[in-house]
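Colleague: Below are the sequence and a predicted model; questions follow.
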Amino acid sequence: MREADETTRQRLAEALRAEPATPSALAREFDLTTGAILSHVEHVSRSLEPADEEFLVAPPTCRECAFDTFDDLLNVPSRCPDCKSEAVDEPVFTIQKR
């Protein structure tokens with residue numbers, strides 16, 4: 001299939017199969033907003049064939065206190081709920097074969 005024939009979600013899934021990526025890196029690569037990427041990623045995560053592939057998320061992590069138990073892993077938190085620091089690394093998404 002030619003790249004122009006693939007949907008954004010198909011191209012996004014292929015990118016995540018190739019290598020892990022953060023929402024902002026994907027937004028730059030696909031020339032979309034981070035919010036649009038998060039919406040697409042959520043759909044991609046639900047549409048994978050569970051027997052064949054697995055959607056994995058390395059959670060956002062606070063660089064100040066190492067807090068990493070955020071409620072919503074498919075989001076980019078603006079600050080840490082524990083120490084209130086704004087130094088929070090984005091989640092990292094990837095798709096792996098089972």
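Modeller: Looks like it arrived, so ask away. Fair warning: this is a prediction, and the values are worked out from it, not measured in the lab.
Colleague: where do the helices sit along this structure?
Modeller: Remark: helices assigned in the chain by DSSP state H are 8-18, 23-30, 34-47.
Colleague: Which strands and helices lie in contact with the shortest one?
Modeller: Using 3 or more Cβ pairs under 8 Å, 6 or more residues apart in numbering; DSSP states H and E, the elements in contact with helix 23-30 are helix 8-18, helix 34-47. Every residue, glycine included, has its C-beta placed from N, CA and C.
Colleague: how about it: buried residues?
Modeller: By 16 or more other Cβ atoms under 10 Å, the buried positions in helix 23-30 come out as P23, A25, L26, A27.
Colleague: I'd like the helices and strands packed on helix 23-30 as TSV, with mean pLDDT, distance to C62 and mean neighbour count appended.
Modeller: Listed next are the helices and strands packed on helix 23-30 as TSV, based on pLDDT from 0 to 100; distance: least, Cβ to Cβ, whole Å; neighbours: other Cβ atoms under 10 Å:
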stretch	mean pLDDT	distance to C62	mean neighbour count
helix 8-18	96	24	16
helix 34-47	95	19	16
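Colleague: so can I have a markdown table of these showing distance to T94?
Modeller: What follows is the helices and strands packed on helix 23-30, written out as a markdown table (distance: least, Cβ to Cβ, whole Å):
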| stretch | distance to T94 |
| --- | --- |
| helix 8-18 | 6 |
| helix 34-47 | 11 |
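Colleague: Show me the shaky parts of the chain.
Modeller: Scanning the chain for pLDDT under 70 picks out 1-5.
Colleague: ok, now with 90
Modeller: Within the chain, the segments meeting pLDDT under 90 span 1-6, 49-51, 98.
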